[in-house]
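Student: sequence plus predicted model, see below.
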Protein chains: 2
Amino acid sequence: MRFADVPAATQRFVTLSRGERLEAADTENCLRFLVVVEGTAATCTTFADGRRQILGIEGPGEIMCGAMSGLGLQCWLEALDDCIVCDVNLSAVARQLSKDPEFLTANFRIVHRRLARSQSHLSTLGRLDSQERVLFFLAEMASRHTARNPGAPVTRLDMSREDIADYLGLNSETVSRILTRIRKSGLVKFLNRNEYVLTDIAAVAKRLPVEIPGPENFQFPHKPMEVIQ
Amino acid sequence: MRFADVPAATQRFVTLSRGERLEAADTENCLRFLVVVEGTAATCTTFADGRRQILGIEGPGEIMCGAMSGLGLQCWLEALDDCIVCDVNLSAVARQLSKDPEFLTANFRIVHRRLARSQSHLSTLGRLDSQERVLFFLAEMASRHTARNPGAPVTRLDMSREDIADYLGLNSETVSRILTRIRKSGLVKFLNRNEYVLTDIAAVAKRLPVEIPGPENFQFPHKPMEVIQ
DNA sequence: CATACACCTTGAGGCAGATCAAAGTCCGAG
DNA sequence: CTCGGACTTTGATCTGCCTCAAGGTGTATG
């Protein structure tokens, strides 16, 4: 689906610095979309006492509908490092699109894919211990990186320890301890604080009770700029 | 959307006893649906070491597509007590439906609603402590009950402590301890092990850092049998 | 190059929840 | 009505992760 093919769509590119947010627009019909063009963002929610839970980490190509829905949750998209997000609003052509099978199918695929990832993450939070979560996280980030940069072995973490902790339901000190433990074990080769190589994916997979999703799960039918142009 | 309006749909009613399962059918196009007609079931996944995580508790009216998707997860629908599930397969009219805006919109709504609930539950598992989780669970079950039986104050838990624990990312002994604590606090009035009344929803809401979804979030446009007939 | 600040790592202590075990309860079948 | 089995509750102990604190590191700015 090419948003640009829809002449009446309004789209604006937003540059966000780390920590800046785009609030959810509580549309019911999902005619507003946010597309991460560059950088890394996160779908976040918060609790009354200020605790933040990151629901999803969104890399280039990721599309989420404006509602970023969660029952009873206040959600927003937050930049984890400097990024560009395209804010697409299709409300002006709501009636036309509501009869467009291609659009409806694409819309469905977007949400279905997000459901699959949400459920995978839910199960991680529900039953895995802290080491399993961090190891799985590193494997997942490596798969995403490979999807975007095949053949480039070094994965870079574009977010803070606090961000990783809020995604994995842990505390930042715990994430730091586990990363140190993993580095010392040799299971993952760290070049510095934020860059690493998974030299033996099979050895990592052996340590995890759940299948690591391959790069094919993080590929998009189009490159992000192509979606929008 | 009335499945029965689609003449070429195959649908079969399956009666499941507690513990029985319907495996996910790994269809990509979501043309197979499972509809809980009666009773309580759960969308489950498991880990290599046998730990089970319940992804969602499915009451009457709940529709899930056959994939029950979760990236890298093996999922199934498991009966938590005796129930009837309608297994609807629309593959025979795939081409026709792929151009039907009404069907595509309904399909989208199903998945979108499941995404909203999945994200809500994800945040619960990520950041709430055991007492908050159990209390929120009781409130959620009460809301669902009210959606189906307005005016009937008694909510009944149709699943074991182990089931509740696997849904909340806890251990069954922990669930039992917390339920005892809640019963003794008077916050929830238990009639017996499995039936209770939320006499003061405001007091419960006060103890939770997240908004309790009201009954309107658990209503369906049609009663389950109407969907299917 | 020096300084300041944000973030990371590490240490120590405490507690919530898991684990293991034992006793109790409820329900269904004979 | 009794008995057996499944499930629940309660007790005791242990451990993984949180919390608080302190020191270290890396990067950006002047």
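Tutor: Now that the structure is in, tell me what you want to look at. As the structure is a prediction and not an experimental result, all values here were calculated from the model. Residues are numbered from 1 along each chain as shown, chains lettered A, B, ... in the order given.
Student: how long is stretch A:157-174 end to end?
Tutor: From its first residue to its last, stretch A:157-174 covers 17 Å (Cα to Cα, to the nearest Å).
Student: does any part of that stretch sit near DNA strand C?
Tutor: Yes. With Cβ under 7 Å from any atom of the strand as the criterion, DNA strand C is reached by stretch A:157-174 at A:160-162, A:172-173. No exception for glycine: its C-beta is placed from N, CA and C like everyone else's.
Student: which of these has the most neighbours?
Tutor: residue A:161 (18 neighbours; other Cβ atoms under 10 Å in any protein chain shown).
Student: what residues are up against that residue?
Tutor: Applying Cβ atoms under 8 Å, 6 or more residues apart in numbering or on different chains, one finds that residue A:161 lies in contact with A:172, A:175-176, A:179.
Student: hmm, try it at 6 Å
Tutor: Neighbouring residues of residue A:161 by Cβ atoms under 6 Å, 6 or more residues apart in numbering or on different chains: A:172, A:175-176.
Student: domain ranges for chain A?
Tutor: Following automatic domain parsing, one gets these domains for chain A: A:3-125+A:219-228, A:129-218.
Student: can I get those in CSV including mean pLDDT?
Tutor: Formatted as CSV, those follow (pLDDT from 0 to 100):
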stretch, mean pLDDT
domain A:3-125+A:219-228, 85
domain A:129-218, 95
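Student: give me whichever of those domains is most buried.
Tutor: domain A:3-125+A:219-228 (a mean of 19; mean count of other Cβ atoms under 10 Å in any protein chain shown).
Student: is chain B contacted by it?
Tutor: Yes. Counting by Cβ under 6 Å from any Cβ of the partner chain, chain B has neighbours in domain A:3-125+A:219-228: A:45, A:47-49, A:51, A:53, A:55, A:69-73, A:99, A:101, A:104, A:107-108, A:111-112, A:114-123, A:125.
Student: for chain A, what's the longest helix?
Tutor: Determined from DSSP state H, the single longest helix within chain A is helix A:101-127.
Student: check which helices and strands it sits against.
Tutor: Helices and strands touching helix A:101-127, by 3 or more Cβ pairs under 6 Å, 6 or more residues apart in numbering or on different chains; DSSP states H and E, are strand B:52-58, helix B:101-127.
Student: closest to residue A:88 out of these?
Tutor: Judged by Cβ to Cβ, the one of the helices and strands packed on helix A:101-127 that comes nearest to residue A:88 is helix B:101-127, at 16.9 Å.
Student: now do the contacts for the nearest residue to residue A:70 once chain neighbours are set aside.
Tutor: Among residues not flanking residue A:70 along the chain, residue B:119 sits closest, at 3.8 Å (Cβ to Cβ, 6 or more residues apart in numbering or on different chains). Contacts for residue B:119 (Cβ under 6 Å, 6+ apart) come out as A:55, A:70, A:118.
Student: so which of the residues you listed reach DNA strand C?
Tutor: Near DNA strand C, by the rule Cβ under 7 Å from any atom of the strand, you find none of these.
Student: give me every residue in chain A lying close to DNA strand D.
Tutor: Going by Cβ under 7 Å from any atom of the strand, the residues of chain A near DNA strand D are A:129-131, A:169-171, A:173-174, A:192-193.
Student: what comes into contact with the helix or strand that contains residue A:33?
Tutor: Using DSSP states H and E, residue A:33 sits within strand A:32-38. Residues outside strand A:32-38 that contact it (Cβ under 6 Å, 6+ apart): A:25, A:58, A:60, A:62-66, A:77, A:83-89, A:224.
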